[in-house]
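Undergrad: What would the 3D arrangement of this be:
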Amino acid sequence: METSDALFPTLLNLAWHDLPGSVRAMHGSAPRIVARGEADVRGDGNVIARALRCLLQLPSPGPAQALEVCIERDSDHERWTRRFARGQMQSTLSANASATQLLEKLGPVTLRFTLRPDVHGVTWHLNGARVLGLPVPRRWLGTVLSHSGEHEGRYAFTIDTRLPCIGRLVAYRGWLEIVVDD
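TA: Here you go, the predicted structure:
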């Protein structure tokens, strides 16, 4: 896959070249990447939050979890497998038809994001979601704060998802270093 055809460079256009090196390495065009690091995972303990984490294969809460991320890129999508010490999470990333938004499919849910570059990396702004192909009203989505950037030379990430009447579904923050870049 040429860099110009890779998912994140295409979505971020000219801003791609201004991103920190570790962000470009993780989100670039290498066909396969394996990165290892650590993440603190949080989430509310109520029955609904726990059930949704299980359904969506989100990691269970726990501090300082070992984390391995494998990214496999194809011509029009990326498959991300995140192996936390307390669970595995898989999603598929692609662009929408007009190549202006990022789609992340996580089990029966497809999230739609606009990517916005900033001085430290990329902020992912949630615009909508579908469950089993059906649109979900925006007010049901709550808040999703997501940022990928660089801290002390390493790829760093922060994700925090909160749903109305349920609370914090999952939040994880940590760092990764690439160990395989094919």
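Undergrad: just how off-centre is stretch 61-73 within its chain?
TA: For stretch 61-73, the separation from the chain centroid amounts to 11 Å (computed by CA atoms, centre = their mean, to the nearest Å).
Undergrad: pLDDT weak spots in the protein?
TA: Counting by pLDDT under 70, the chain contains low-confidence ranges at 1-4, 182.
Undergrad: the strands in this protein, which residues?
TA: 32-42, 62-73, 77-84, 87-95, 102-106, 109-117, 121-131, 134-135, 143-151, 154-163, 167-181 (DSSP state E).
Undergrad: Just the C-alpha atoms of the fifth one, please, in PDB.
TA: It stands for strand 102-106. These are the backbone C-alpha positions of strand 102-106, laid out as PDB (Å, rounded to 0.1, in the frame of the first residue of the first chain):
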ATOM      1  CA  LEU A 102     -13.000   7.100   9.800                       C
ATOM      2  CA  LEU A 103     -15.300   4.200  10.500                       C
ATOM      3  CA  GLU A 104     -14.500   1.800  13.300                       C
ATOM      4  CA  LYS A 105     -16.400  -1.500  13.400                       C
ATOM      5  CA  LEU A 106     -16.400  -3.100  16.800                       C
END
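Undergrad: thought Pro61 was touching Gly43?
TA: Yes: contact criterion CB atoms under 8 Å: Pro61 and Gly43 qualify, at 4.6 Å. C-beta here means a position set from N, CA and C on the backbone, and glycine is covered the same way.
Undergrad: Overlap in contacts, those two.
TA: Common contacts of Pro61 and Gly43 (CB atoms under 8 Å, 6 or more residues apart in numbering): Val170.
Undergrad: State which helix of the chain is the longest.
TA: Ordering each helix of the chain by length in residues (DSSP state H) puts helix 47-55 first.
Undergrad: Report the separation between the closest residue to Asn46 other than its chain neighbours and Thr10.
TA: For Asn46, ignoring the flanking residues on the chain, the nearest one in space by CB to CB, 6 or more residues apart in numbering is Gly167 at 6.5 Å. Per CB to CB, to the nearest Å, Gly167 is found 35 Å from Thr10.
Undergrad: ok so, going back, now the strands of the chain as JSON lines including distance to Leu52 and mean neighbour count?
TA: Shown next, in JSON lines, are those (distance: least, CB to CB, whole Å; neighbours: other CB atoms under 10 Å):
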{"stretch": "strand 32-42", "distance to Leu52": "14", "mean neighbour count": "18"}
{"stretch": "strand 62-73", "distance to Leu52": "17", "mean neighbour count": "17"}
{"stretch": "strand 77-84", "distance to Leu52": "16", "mean neighbour count": "17"}
{"stretch": "strand 87-95", "distance to Leu52": "13", "mean neighbour count": "17"}
{"stretch": "strand 102-106", "distance to Leu52": "11", "mean neighbour count": "19"}
{"stretch": "strand 109-117", "distance to Leu52": "10", "mean neighbour count": "18"}
{"stretch": "strand 121-131", "distance to Leu52": "11", "mean neighbour count": "17"}
{"stretch": "strand 134-135", "distance to Leu52": "17", "mean neighbour count": "10"}
{"stretch": "strand 143-151", "distance to Leu52": "13", "mean neighbour count": "17"}
{"stretch": "strand 154-163", "distance to Leu52": "8", "mean neighbour count": "20"}
{"stretch": "strand 167-181", "distance to Leu52": "6", "mean neighbour count": "17"}
